[in-house]
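>>> Sharing a model that was predicted from the sequence below.
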Amino acid sequence: MEVIKTAIDGVLIIEPRVFEDSRGYFFESFSQREFDEKVTPILGHTINFVQDNESMSSYGVMRGLHFQNPPYTQSKLVRCVKGAVLDVAVDIRKGSPTYGKHVAVELTEDNHRQFFVPRGFAHGFAVLSETAVFQYKCDNFYAPQADGGISILDDRLGIDWKIPTDKAVLSEKDTRHALLKDFDSPFSIDVDLYANC
């Protein structure tokens, strides 16, 4: 696999090695050994995934921007196995030089790309295809009482979601998240978010 660094430290794009022939294709979607060899040196710590999730959504659905509050915060390794999504990570670590900045990447069933979203980031995606099946690995178990979020429609974030606003489909919960300017982040650049992994 190839690991591609982005404009924000720790946010990574991962491209698997895909073997294709007349029958179709094959690739390793995840190898802990290879992840440890190639990603751990970049991050400076290990990641141990403990939960896999999957969602299916139709065109225009926007989910996010979500995170889990400490001590239940999560890193995620995400991919789209059917259709296409625009996937986004927003830095919400107080004191970070990239606070409020984001990285966006298109994940599709054809490009097989994966996106690593570290702890201390809000995460969300928009569905660009008729339907999309989205899978992600988490390094901490989901805790509903720890749910947090910032508004996915906050214009000040400067995210081009690649769908018209009038086509956006959001859950009621996701319409109630605060704008970044009104948000008091539970994360800090000075705190080791992986200390208890």
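That came through fine. Numbers count the residues shown, from 1 in each chain.

>>> all helices in the chain, in order from the N-terminus.
In the chain, the helices defined using DSSP state H lie at 32-38, 40-43.

>>> Save those helices as TSV, and put in distance to Lys162, mean neighbour count and mean pLDDT too.
In short, each C-beta sits where N, CA and C put it, glycine included. Formatted as TSV, those follow (distance: least, Cβ to Cβ, whole Å; neighbours: other Cβ atoms under 10 Å; pLDDT from 0 to 100):
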stretch	distance to Lys162	mean neighbour count	mean pLDDT
helix 32-38	29	13	96
helix 40-43	28	12	95
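
>>> Turn those into JSON lines, including distance to Lys181.
Output for those, formatted as JSON lines (distance: least, Cβ to Cβ, whole Å):
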{"stretch": "helix 32-38", "distance to Lys181": "36"}
{"stretch": "helix 40-43", "distance to Lys181": "30"}
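
>>> Can you pull out the low-pLDDT segments for the protein?
Filtered on pLDDT under 70, the chain yields the residue ranges 196-197.

>>> Give me the outermost residue of it relative to its centroid.
Outermost residue of the chain with respect to the C-alpha centroid, by Cα atoms, centre = their mean, is Ser22; its distance is 32.7 Å.

>>> can you tell which of the helices of the chain is closest to Gly60?
helix 32-38 (32.7 Å; Cβ to Cβ).

>>> which other residues reach the closest one?
Contacts to helix 32-38, defined as Cβ atoms under 8 Å, 6 or more residues apart in numbering, come from residues Met1, Val3, Glu28, Thr46, Ile47, Asn48, Phe49.

>>> Just list the residues touching the last one, thanks.
If I follow you right, that is Phe49. Contacts of Phe49 were listed using Cβ under 8 Å, 6+ apart, and they are Phe30, Gln32, Leu77, Lys137, Cys138, Asp139.

>>> From the residues you listed, keep the buried residues only.
Phe30, Leu77, Lys137, Cys138, Asp139 (16 or more other Cβ atoms under 10 Å).

>>> wait, which of the residues you listed is closest to Gly158?
The closest of the buried ones among the contacts of Phe49, once distances to Gly158 are taken by Cβ to Cβ, is Leu77, at 24.9 Å.

>>> Apart from its chain neighbours, what residue comes closest to the closest one?
Nearest residue to Leu77, sequence neighbours excluded (Cβ to Cβ, 6 or more residues apart in numbering): Lys137, at 4.4 Å.
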